[in-house]
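Asker: Pasted the sequence and its predicted model underneath.
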Amino acid sequence: MPGVGGIALGGTALAVAALARRMWNADSWLAAWLGEAVLACVIGVAAATHKSHKAGTPLLSGPGRKFLLGFAPPLLAGALLTLVLFRAGFMALLPGIWLLLYGTGILCAGAASVRVVPLMGICFMAIGAVALFAPAAWGNTLLAAGFGGLHILFGILISVKYGG
């Protein structure tokens, strides 16, 4: 789990949150956040590749493979639920579902990483739970707090404490 990559992910999420806040059209809002998800994947893979190369280990070595196996299933579930909830008109549930499942992925994948990574997953899950029960108008702000704030906070912590 590269800390510098987390900081970059947080920065792009804050930028998208600021942009998406001004969007009144649900399709545009969803497109902005889905674009952020694709960008986050690119940043995450690039940062992990750089970190594994720097350490002299293959990206999909033991820990990398375990991280991917713990992380991917909740993200796939989130992608499928996004489609279903969007088609059913339940857009207000998306921020909570995204944060909760992303946190679940981080928590599960964190078993193969440093101790702070599962804690980050729990924090994402907590914000996701709040988002599920909060007013719909809070969704974008909670996405910014989670995908922006938590990534930056834990990215700095991982960079400083674990050298990555």
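Answerer: Now that the structure is in, tell me what you want to look at.

Asker: Where does the prediction get shaky in this structure?
Answerer: The model of the chain has pLDDT under 70 over residues 1, 164.

Asker: Do you have the helices of it handy? List them.
Answerer: 3-21, 26-55, 62-88, 94-109, 116-133, 139-143, 151-162 (DSSP state H).

Asker: Buried residues of the shortest one, list them for me.
Answerer: When neighbours are counted by 16 or more other C-beta atoms under 10 Å, the buried residues of helix 139-143 are found to be G139, N140, L142, L143. C-beta: built from backbone N, CA, C; applies to glycine.

Asker: before we move on, back to that, just say which of the helices of the chain is most tucked in.
Answerer: Stretch with highest mean neighbour count among those: helix 94-109 (a mean of 23; mean count of other C-beta atoms under 10 Å).

Asker: quick one, it and helix 62-88 angle?
Answerer: 160 degrees (axes from the mean of the first three to the mean of the last three C-alpha atoms, to 10 degrees).

Asker: now for helix 94-109, which elements pack on it?
Answerer: Judged by 3 or more C-beta pairs under 8 Å, 6 or more residues apart in numbering; DSSP states H and E, the packing partners of helix 94-109 are helix 26-55, helix 62-88, helix 116-133, helix 139-143.
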